[in-house]
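Novice: need a 3D model of the sequence below.
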Amino acid sequence: MNFEFSEDQKLLADQVRKFLDDNCASSHVREVLEGERVYHEDLWAGIKELGILGTAIPEQYGGSGAGYLELCVVAEELGRAVAPIPFGASIYLAAEAILLAGSEQQKSTYLPQLASGETIGTLAVSERAGEVSPRTIALTAKDNQLTGVKMPVQYGTIADLAVVAAKTSAGDDARSISLFLVDLSAVKRDVVDSIDPTQNMARLTFEDAAAEPLGGAGEGWDILQKVYDRAAVLFAFEQIGGAQKALETATEYAKERYAFGRPIGSFQGIKHMIANMYVDLELARSNCYYGAWALGTDAAELPEAAATARVSATTAYQHCARNNIQVHGGMGFTWEFDCHLHYRRSNLLALNIGAKSEWENKLVDRLEARNAA
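Specialist: Numbering: from 1, shown residues only. The predicted structure follows:
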């Protein structure tokens, strides 16, 4: 089993990194963090022109059909740059849900729009902080009309299309949940504050909103688990991209900052801190590569591989982002330094498709089930 990316995939990574270095410096991220922008429209326009939105979308549906390994490569670079754009919500979540559960007509209609960036998609499942399960979903569907609230919804204030989880039958089990596609133009939307304002969060209020069934009735929760497994691998690559950048930033500062006549990187405490960051990152990277293989080949091991990648990448990014601040000392806590950009993003990504504890439980349950089988 070869866990190394091909030369073509490495070339893609170089091209995306160069584009992001030129168009997504920390100053661009701060334009969204500190200004009135919901996302960076100019960067999004460049991403559309670059043609990477449709990386894993089949050619017959308007994508390039390159594959999931290539999308993992793109995700890592986006994470490294803390890109303030709706790439994950639209591609990892909405597009994947339609690919998995959509009819031929739905795929032919919506996937080309998502692949071109003409339409921005999102996924609306949670309705309150904490656990997300069938019993916590109260939004209801009747005669293909939705009523209720979803919060927080990533990029909900700018998304054109949402995949929405709704209750379609009595009970709190998985069979009570179905998925629907909703045009958000007529849905009330309000901004929700989050730890990372560069990733817009919203409260969506549905009042008899017209909806189109996605997948079979009662199949929504099972479909969501498959979407989350795929997205877990892709978000994990964003996390290791961010962790790598945080490690590099900390290492460079430790070499350049002097105290008592010597670089602070020569002190044992700093050495150990950076070494621990490196170990966590490399462990996460190996798990992410395994997840990429499972995703790219649609392997039976994908559920376990996705959970492993998710848990280890979340740990690595939070650790590296936090320790990057510590290495920078008092300056690392200031607004002027960029350390908090990764700290914010690491904490948001740790929760966006379920907390680490949920994924740890999933991993244990899945390993036990596989061993029993």
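Novice: tell me where the stretch 151-300 of the chain has strands.
Specialist: In the stretch 151-300 of the chain, the strands defined using DSSP state E, counting those that start in this stretch lie at 161-167, 177-183, 188-192, 201-210, 212-214, 258-259, 262-263.
Novice: can I get those strands in a markdown table including distance to residue 326, mean neighbour count and mean pLDDT?
Specialist: (C-beta placed from N, C-alpha, C; glycine too.) Listed next are these as a markdown table, based on distance: least, C-beta to C-beta, whole Å; neighbours: other C-beta atoms under 10 Å; pLDDT from 0 to 100:
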| stretch | distance to residue 326 | mean neighbour count | mean pLDDT |
| --- | --- | --- | --- |
| strand 161-167 | 39 | 26 | 98 |
| strand 177-183 | 43 | 24 | 98 |
| strand 188-192 | 30 | 14 | 96 |
| strand 201-210 | 28 | 20 | 97 |
| strand 212-214 | 45 | 20 | 98 |
| strand 258-259 | 14 | 11 | 91 |
| strand 262-263 | 16 | 12 | 94 |
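Novice: ok, which of those strands comes nearest residue 4?
Specialist: Taking C-beta to C-beta as the criterion, residue 4 comes closest to strand 262-263 out of the strands of the stretch 151-300 of the chain, the separation being 33.2 Å.
Novice: just checking, what packs against that closest one?
Specialist: helix 220-256 (3 or more C-beta pairs under 8 Å, 6 or more residues apart in numbering; DSSP states H and E).
Novice: what is the helix it packs on packed up against?
Specialist: helix 68-80, helix 96-101, strand 161-167, strand 177-183, strand 262-263, helix 268-297, helix 302-327, helix 339-349.
Novice: quick one: buried residues of it?
Specialist: 220-224, 226-247, 249-251, 253-254 (16 or more other C-beta atoms under 10 Å).
Novice: coming back round to it: which one of the strands of the stretch 151-300 of the chain lies nearest to residue 81?
Specialist: Among the strands of the stretch 151-300 of the chain, the nearest to residue 81 by C-beta to C-beta is strand 201-210 (20.0 Å).
Novice: how far off centre is the closest one?
Specialist: Strand 201-210 sits 22 Å away from the centroid of its parent chain (C-alpha atoms, centre = their mean, to the nearest Å).
Novice: what does it rub up against?
Specialist: Outside of strand 201-210, the residues within contact range by C-beta atoms under 8 Å, 6 or more residues apart in numbering are 124, 139, 144-157, 162, 164, 182-184, 186-194.
Novice: show me which of the residues you listed are buried.
Specialist: Neighbour counting over the contacts of strand 201-210 (16+ other C-beta under 10 Å) leaves 124, 139, 145-146, 148-157, 162, 164, 182, 184, 187, 194 as the buried ones.
Novice: picking up where we left off before, any idea which of the helices and strands packed on helix 220-256 gets closest to residue 128?
Specialist: The stretch from these with the least distance to residue 128 (C-beta to C-beta) is strand 161-167; that distance is 13.3 Å.
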